[in-house]
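**Q** The following comprises the amino acid sequence and a computationally predicted model.
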Amino acid sequence: MERLTAGFFERHSVVDCARALIGAKFLWNGCEGRIVETEAYAAEGDEACHTFFRQGARAFVASHPAGTAYVYLNYGVHWLFNVLVHGPQGSGFVLLRALEPLAGIERMMERRGKSKVHELCSGPGKLTRALGIDGDAHGTPFLDGESTGMVTGVSASVVSSFRIGISRAQDLPWRFHEDANIHVSR
DNA sequence: TACGTGATTACC
DNA sequence: GTAATCACGTAA
């Protein structure tokens, strides 16, 4: 097990990063979770990516290094957490969609107001709430943080499927999750 | 199945 | 200025 660095998000494509992160650990200020679900968004050629319809997202990609957190408010309610990728085939984002809670579970329960472990981080908006992530994390190099980052890990079996909750580019099988894991979303 | 909620964008 | 859209979660 070793800490992931920006280099990881430069050596692999966005899709490869999304797949490879399944099984890795996500550390955030005392809380820890195993990544069990992700999605890839490509900055070029992917109509579902923010870069396709948001100037601010394009500016963000152009002005930040790989490994930077891209955090935004969705539906006016939910913060969603992404990692910026500058891969060999182009840039993009990996969206963290679900975690298997490993540490700081009491704190997650407080923030979520739920007591079942599989309901704490089983969705992109749920996991940010559980870990206390909000807009302050946007633009930060969290991989290098003292109490934030990612650590390599393995997954028994990774399944790919279509991305959830989007209206464009629904044909790309860029959602990845660990098979038969109760902590994946919906 | 319905809807809150607010940032961002396009277009007056 | 207005209106549409939106990588969701919850209650019902």
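**A** Right, received. Where do you want to start? Remember, predicted model here, so these are calculated numbers, not experimental data.

**Q** quick one: the residue in chain A that DNA strand C sits nearest to and DNA strand B, what's the gap?
**A** For chain A and DNA strand C, the shortest gap (C-beta to the nearest atom of the strand) falls at residue A:165, measuring 1.9 Å. Where C-beta positions appear, they are placed from N, C-alpha and C, glycine not excepted. Counting by C-beta to the nearest atom of the strand, to the nearest Å, the gap from residue A:165 to DNA strand B is 10 Å.

**Q** Please apply the same query to residue A:140.
**A** From residue A:140 to DNA strand B the distance is 16 Å (C-beta to the nearest atom of the strand).

**Q** Quick check: that residue is in a helix.
**A** No: counting by DSSP: H, G, I helix; E, B strand; the rest coil, one finds residue A:140 to be coil, located in no helix.

**Q** give the contact list for it.
**A** When contacts are counted by C-beta atoms under 8 Å, 6 or more residues apart in numbering, residue A:140 touches A:68-69, A:148.

**Q** top of the residues you listed by neighbour count?
**A** Neighbour counts for these, by other C-beta atoms under 10 Å, peak at residue A:68, which reaches 24 neighbours.

**Q** do you know how far the spatially most distant residue from the centre of chain A is from residue A:105?
**A** Of all residues in chain A, residue A:115 has its C-alpha farthest from the mean position, at 23.1 Å, by C-alpha atoms, centre = their mean. Going from residue A:115 to residue A:105 by C-beta to C-beta, to the nearest Å gives 10 Å.
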